[in-house]
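Enquirer: quick one: sequence and predicted model below, then my questions.
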Amino acid sequence: MKFNTKAIHGGQQFDKAYGAVMPPIYQTSTYAQSTPGTHPEYEYSRTHNPTRTALENALASLENGKYGLAFGSGLAAIDAVMKLLKSGDEVISTSDLYGGTYRLFTKIFEDFGIKFHFVGMQNANQISSYINDKTKLIWVETPTNPMMNIIDIKAVAKVASDHNLLLGVDNTFATPYLQQPLDLGAHIVMHSATKYIGGHSDLVMGSLVVKDEELAKRLYFIQNASGAICGPQDSFLALRGIKTLHVRMQRHCENGKAIAEFLNRHVKTDKVYWPGFEHHPNHKVAKKQMNDFGGMISFTTKGNTYEEAIKIIENLKVFTLAESLGGVESLVGHPASMTHAAIPKEERENTGVVDSLIRLSVGIEDKEDLIDDLKQALDKL
Ligand SMILES: *Cc1c(COP(=O)(O)O)cnc(C)c1O
């Protein structure tokens, strides 16, 4: 099956009870048993729920994996991955990470004795010098948030396999429409399904997909034992979102390209970060591992001040100022004071998250309206 067909049918069966075409919302915590000790297919909804199973199968299919797991948020999914580790283990992670992931690593798991190295991975050779016999996991985000750096997943997978390490990839920004990390050698692919997978800014959810049965068993154990699952209603919404993932992504990419090119031409902008530009430092890798370049763009202004960024943001009318990304509507964010506020200023600025940086999640409205909106806000500077 090709991707668009999978988005509609992948991993799905008609409902056994009435043949419902969409999986029903099984709003139940428990399931009737005929006699103690017999195990019906479902026992208790922390462990399994049919609506969640339908979603988990759809996610596994989209990522060319075998086993899908859905969680109450993206961070709950990453939390489950970290619980594969134990005190004393070490993790090598991308340096310009999503702020919440950085906070989870440094403020929670460091206290449990796990050590993290944050490394610029645009050159995969950088990783080797951090590897020792305690290293267990490499954690990659690509494209990175919000600097749109691209990391060569295949090259990192080679390093991981040479040293027998697990490789996890946060695929939130790219989605399986653009990039399939398991095919490139990753062991775990993770999503904040809150973003493009759900696609309508109406739920908070996370997911993991793996191929390996042993790894899947350990993760299902953690999912059930720790219990950070998502409910049936949200599972239904995510399934509904997935059915249009490919058409939404196509438009996100088309609009993203038009807006990146507009910003790049505008006299008031300075740097424009979008992996589709030939002058983007990792453009070749992006072209190789992604099917297109997505709708996430960051930029700075010529004046390069906090005040200019705030003025633009406050003057935008179609773009809504809000946390999050990946919904049908266009959003604008100010990483330094919003998503990345948890990262110390010096560390943040070293990776390029300066006070004038603005991040756009380009939606699927008419691109002319989006460009007009940006134009009037930039022209007011
Ligand atoms: C939002 C986000 C997360 C966290 O996901 P939640 O669903 O908000 O918990 C992790 N990684 C990336 C890249 C994100 O954008």
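Expert: Arrived safely.

Enquirer: what comes into contact with the host helix or strand of Glu346?
Expert: Glu346 belongs to helix 345-350 when elements are defined using DSSP states H and E. Residues from elsewhere that reach helix 345-350, judged by C-beta atoms under 8 Å, 6 or more residues apart in numbering: Ala336, His340. C-beta: built from backbone N, CA, C; applies to glycine.

Enquirer: cool, and stretch 3-11?
Expert: Residues contacting stretch 3-11 (C-beta under 8 Å, 6+ apart): 1, 54, 56-62, 68, 176-177, 242-246.

Enquirer: interface residues of the stretch 1-150 of the chain facing the ligand?
Expert: Contact residues, the stretch 1-150 of the chain versus the ligand (C-beta under 6 Å from any ligand atom): Ser73, Gly74, Leu75, Tyr98, Gly100, Thr101, Glu141, Asn145.

Enquirer: skipping adjacent residues, who's closest to the residue of the stretch 51-200 of the chain found nearest the ligand in space?
Expert: At 2.3 Å from the ligand, Gly74 is the closest residue in the stretch 51-200 of the chain, using C-beta to the nearest ligand atom. Distance criterion C-beta to C-beta, 6 or more residues apart in numbering; nearest residue to Gly74, sequence neighbours excluded, is Ser192 at 2.8 Å.

Enquirer: I'd say that neighbour and Gly72 touch.
Expert: No. At 11.3 Å, Ser192 does not count as touching Gly72 under the criterion of C-beta atoms under 8 Å.

Enquirer: neighbour count: the two, which is higher?
Expert: Ranked by neighbour count (other C-beta atoms under 10 Å), Ser192 and Gly72 place Ser192 first, with 30 against 17.

Enquirer: what are the bridge partners for the more buried one, then?
Expert: Gly206 (DSSP bridges).

Enquirer: for it, what are its contacts?
Expert: Ser73, Gly74, Leu75, Ala77, Tyr98, Asp170, Thr172, Met205, Gly206.

Enquirer: please list all residues in contact with Gly99.
Expert: Pro335, Thr339, His340, Ala341, Ala342, Ile343.

Enquirer: now list the buried members of those residues.
Expert: Listed as buried from those are Pro335, Thr339, His340, Ile343; burial here means 16 or more other C-beta atoms under 10 Å.

Enquirer: nearest to the ligand among those residues?
Expert: For these, the nearest to the ligand is Thr339 (7.6 Å; C-beta to the nearest ligand atom).

Enquirer: retrieve the pLDDT associated with that closest one.
Expert: You'll see Thr339 listed with a pLDDT of 79.

Enquirer: ok, the closest residue to the ligand within the stretch 251-381 of the chain - how many residues close by?
Expert: Per C-beta to the nearest ligand atom, the residue of the stretch 251-381 of the chain with the smallest distance to the ligand is Leu325, at 6.2 Å. Residues near Leu325, counting by other C-beta under 10 Å, number 25.

Enquirer: which parts of this protein belong to which domain?
Expert: The chain breaks down by automatic domain parsing into domains covering 3-242, 246-379.

Enquirer: all strands for the chain, in order.
Expert: Counting by DSSP state E, the segments of the chain that form strands are 67-71, 90-94, 115-119, 135-141, 166-170, 188-192, 206-210, 269-273, 296-301, 320-321, 331-333, 358-361.
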